[in-house]
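# starting from these lines, generate the structure:
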Amino acid sequence: MPKQIRAAVVPEPGADFETMDVLLDDPRAGEVLVRVEAVGICHADIAAREGKTPFPHPAVLGHEGAGVVEAAGAGVTSLLPGDKVVLTFASCGVCASCRSGLPSQCADFLSLDFAAGARSDGSPTLWLGDTPLHAHFFGQSSFATHALVIERNAVKLPDEAPLATLAPLGCGIQTGAGAVLNVLRPAPGGSVAVFGAGAVGLAAVMAARLTQAAHVIAVDVHPGRLDLAAELGATDTIDARTTDPVAAIRELTGGGAGYVLESSGNVLVFRQAIDAAAIGGVIGIVGAPFRARGGSRRRGHRQQQQADRGNRRGRGCAPRVHPGPCRTARGRSASRRAFGHHVPVRPDQRRRPGRCLG
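Numbers count the residues shown, from 1 in each chain. Modelled structure (predicted):
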């Protein structure tokens, strides 16, 4: 029998989130019902609310959820009621990428996480009265008191795990840290430049500090974020409001950074990231701009780069990898400082999202 829950519904593109009573389907075979205790808010949620990503409305968003398992459908073997879990993206588990341990490159990623707004068979999971809502966003739609997920995108946590701190593991932390540790893989003595010191960028900074990189450079326009980046491991910070980041990075590194990560989603910043890379450098792109991209001003230099690498979730394997920045006691403390701003949501609240870290 469907369960009545509360969810933050976006009735139409650009509308406010409205907290409503909705009905959530029972878990089917392979599905898990999770009581959501904490959820992060990310740039992708804002973009979907505004109608800038291919997700239909009326919608229930949210994709950095963490909570406690309340029920499990037939065939679920790795989770039991009472287990703490962090939620991440959905993947099919059977395509070549999933079988190779790369579920973030799942062949059905778009249909499972974005486009359909329903289960893979097209059946809805949420209703407002008799009207189906578009949900299953990133396989979870966790802007709600409860979420229905598949077993693959619910990762069991230790009983003592702080859910409010670990919720961003589902997207922001694994994207930033995974991009550095799994994709860029800085060489000892190398230089890493991170453009954007939001949740993804700060995770990248922490991960880069775990490597033997000689320079970990953070670039942003918010002094508070830069202060936090320095606290979390950046050797140098650049305020792009007052300093040309390209010139500063070239000076700090003696010609350009060997490894550059662009996490802001700003097209102009993307150009700067390319220009700040050394010849033969590697550029990772995790930001998602929602307007046409522009090319580099230094067209000849652009063609000499070793590689531009687009990264989805840092090529993470969520059931297996909790990024390094959260593994140690120091890392857990750093994660709380980076992602520990908690905002309670009243049951009757109606709000438009403001500034966020993601």
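# pLDDT below threshold where in this structure?
Where the chain drops to pLDDT under 70, the residues are 287-358.
# all helices of it, in order?
43-49, 96-99, 109-110, 163-166, 172-178, 199-210, 223-232, 245-253, 267-276, 299-302, 329-339 (DSSP state H).
# surely residue 40 is in contact with residue 173?
No. At 9.1 Å, residue 40 and residue 173 do not qualify as touching, with contact defined as C-beta atoms under 8 Å. From N, CA and C alone the C-beta is placed, and that goes for glycine too.
# contacting residues for residue 24?
The contact partners of residue 24, by C-beta atoms under 8 Å, 6 or more residues apart in numbering, come to 2, 3, 4, 5, 33, 125, 126, 144, 146, 148.
# just the buried ones among these, please.
Buried members of the contacts of residue 24, scored by 16 or more other C-beta atoms under 10 Å, are 3, 5, 33, 125, 126, 144, 146, 148.
# ok, so of these, who is nearest residue 205?
Nearest to residue 205 among these, counting by C-beta to C-beta, is residue 144 at 31.4 Å.
# ok, the nearest residue to the closest one once chain neighbours are set aside - how many residues close by?
Nearest non-adjacent residue to residue 144, counting by C-beta to C-beta, 6 or more residues apart in numbering: residue 7, 3.6 Å away. Residue 7 has 28 neighbouring residues, counting by other C-beta atoms under 10 Å.
# and residue 7, how far from residue 172?
As judged by C-beta to C-beta, to the nearest Å, residue 7 and residue 172 stand 22 Å apart.
# I'd say residue 23 and residue 2 touch.
Yes. Counting by C-beta under 8 Å, residue 23 touches residue 2, with 4.1 Å between them.
# anything in contact with each of the two?
residue 127.
# ok so, going back, using a markdown table, lay out the helices of the chain together with mean neighbour count.
Putting these into a markdown table (neighbours: other C-beta atoms under 10 Å) gives the following:
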| stretch | mean neighbour count |
| --- | --- |
| helix 43-49 | 23 |
| helix 96-99 | 15 |
| helix 109-110 | 17 |
| helix 163-166 | 20 |
| helix 172-178 | 31 |
| helix 199-210 | 29 |
| helix 223-232 | 18 |
| helix 245-253 | 19 |
| helix 267-276 | 21 |
| helix 299-302 | 12 |
| helix 329-339 | 18 |
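# of those helices, which is nearest residue 27?
helix 163-166 (20.1 Å).
# quick one: the nearest residue to residue 112 once chain neighbours are set aside and residue 220, what's the gap?
Of all residues not flanking residue 112 in the chain, residue 90 sits nearest, at 4.3 Å (C-beta to C-beta, 6+ apart). Counting by C-beta to C-beta, the gap between residue 90 and residue 220 amounts to 31 Å.
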